[in-house]
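Trainee: Sequence and computational prediction follow.
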2 protein chains.
Amino acid sequence: MTAGVSTMAPMTAREEGVRWLDAEEQSVWRSLLRAQSRIEEELDRDLQARSGVGLVEFGILVALSEAPGMRMRMRVLADSVIVSKSRLSHQITRLERAGYVRREPCEEDRRGFWAILTDQGLEVLRAAAGGHVTRVRERVFDRLTREQVRQLGAVMRLLEPGDGAGGGPNPR
Amino acid sequence: MTAGVSTMAPMTAREEGVRWLDAEEQSVWRSLLRAQSRIEEELDRDLQARSGVGLVEFGILVALSEAPGMRMRMRVLADSVIVSKSRLSHQITRLERAGYVRREPCEEDRRGFWAILTDQGLEVLRAAAGGHVTRVRERVFDRLTREQVRQLGAVMRLLEPGDGAGGGPNPR
DNA sequence: GGAATATGGTTTAAAATTCAACTGTTTTCA
DNA sequence: TGAAAACAGTTGAATTTTAAACCATATTCC
């Protein structure tokens, strides 16, 4: 989303005890931010043009399509696509309006709702998936060797887990 | 920003000639999206709490601080932090309102404007930078070996360049 | 059992982002 | 020279996202 986030002593900054990034780290960090921002933007735009839904909405449809019964509880879905519950709620409202998803109250826990993929939603997903994966391949995997893909995977798995607060109460 | 973007044949999709992702690619792709989304969110939130500006705004301040005369033309700045010119314009308006940046008309090209870092902007930047880099280190570099940092850099540099349209007219 | 608290989810308003239209300047080129 | 096209940037309305308050049901624990 951005680049050039400061990680080097900006001019005369002189806080004690800060381990500033060295030249290589600096360069890697900026590359990382730029690359991600561009990849996401391009794929989002492509997907939007191809199918009328953005990357996040597409992710929601995919998650639903893979779930048993093609349905998920809102909270689980929110965690799975990594958005706030509020945002998910809005997003589902939009997808519902488009006819791709519908809500159904949950019997077991009457506070809850299911988000359910409709036939039409599945259609859209199927129609868009092929083009999307082709784009992902062009934009990412075709540029890397098999070995680099492996390395990237190893690194990303290390970077994935959130904050150290691995067991505490779950805000969001 | 999202995870679970479909890149595997979603159920019964059967377009001819699409090279779907294999299991490893699939897993790497999802890791990548999740990791990036989390890292960015956490750093943004941290920075916001620490200094009242988000990651993108911080990036703008940094870019300015590194530019000769601590000033940049809007377009160059927009490209450098990777946002649309419209978004940058709004963003600068906000930063201006906050007193961190000011605009000045450009003499050489009278269509243009300079965005200029103010003393106060520089202050904020200095005050926030140390904490931020510490956070970046914790969240990213401290989790990787030196070798992995190198690998990550190599990969990201390959993924950075946008679309193949490397010379054509420049939309945005 | 029942009060306190936590959880699941929505909603409303405010803030940020996008999109398209628009102004004014510069460049191109016939 | 001058008309057409390109460029730099802003603006305002529409859409999306975020933040906080809120409702209802579940769970905890005395």
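Mentor: Yep, it's here.

Trainee: Give me the buried positions along stretch A:115-135.
Mentor: A:115-118, A:121-122, A:124-126, A:128-135 (16 or more other CB atoms under 10 Å in any protein chain shown). Placement of C-beta: from N, CA and C, glycine included.

Trainee: That one near DNA strand C at all?
Mentor: No - against DNA strand C, stretch A:115-135 shows no contacts by CB under 7 Å from any atom of the strand, the least distance being 7.9 Å.

Trainee: And A:R87, how close does it get to B:R73?
Mentor: In this view, A:R87 and B:R73 are 35 Å apart by CB to CB, to the nearest Å.

Trainee: Settle it for me: which of the two has more neighbours?
Mentor: B:R73 (16 against 13; other CB atoms under 10 Å in any protein chain shown).

Trainee: just checking, the more buried one touches B:C106?
Mentor: Yes - B:R73 is within contact range of B:C106, at 6.6 Å (criterion: CB atoms under 8 Å).

Trainee: hey, what's in contact with both of these two?
Mentor: Common contacts of B:R73 and B:C106, defined by CB atoms under 8 Å, 6 or more residues apart in numbering or on different chains, comprise B:112-114.

Trainee: touching DNA strand D at all, the longest helix along chain A?
Mentor: Ranked by residue count under DSSP state H, the longest helix found in chain A is helix A:23-51. No - between helix A:23-51 and DNA strand D, judged by CB under 7 Å from any atom of the strand, nothing touches; the nearest distance is 9.5 Å.

Trainee: Do the following helix or strand past that helix and chain B come into contact?
Mentor: Of the helices and strands lying after helix A:23-51 in sequence (DSSP states H and E), the nearest is helix A:55-66. Yes - contact of helix A:55-66 with chain B (CB under 8 Å from any CB of the partner chain) involves A:55-56, A:58-59, A:61-63, A:65-66.

Trainee: need those residues in TSV with pLDDT, can you?
Mentor: Formatted as TSV, the residues of helix A:55-66 next to chain B follow (pLDDT from 0 to 100):
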residue	pLDDT
A:L55	96
A:V56	96
A:F58	97
A:G59	97
A:L61	98
A:V62	97
A:A63	98
A:S65	98
A:E66	97
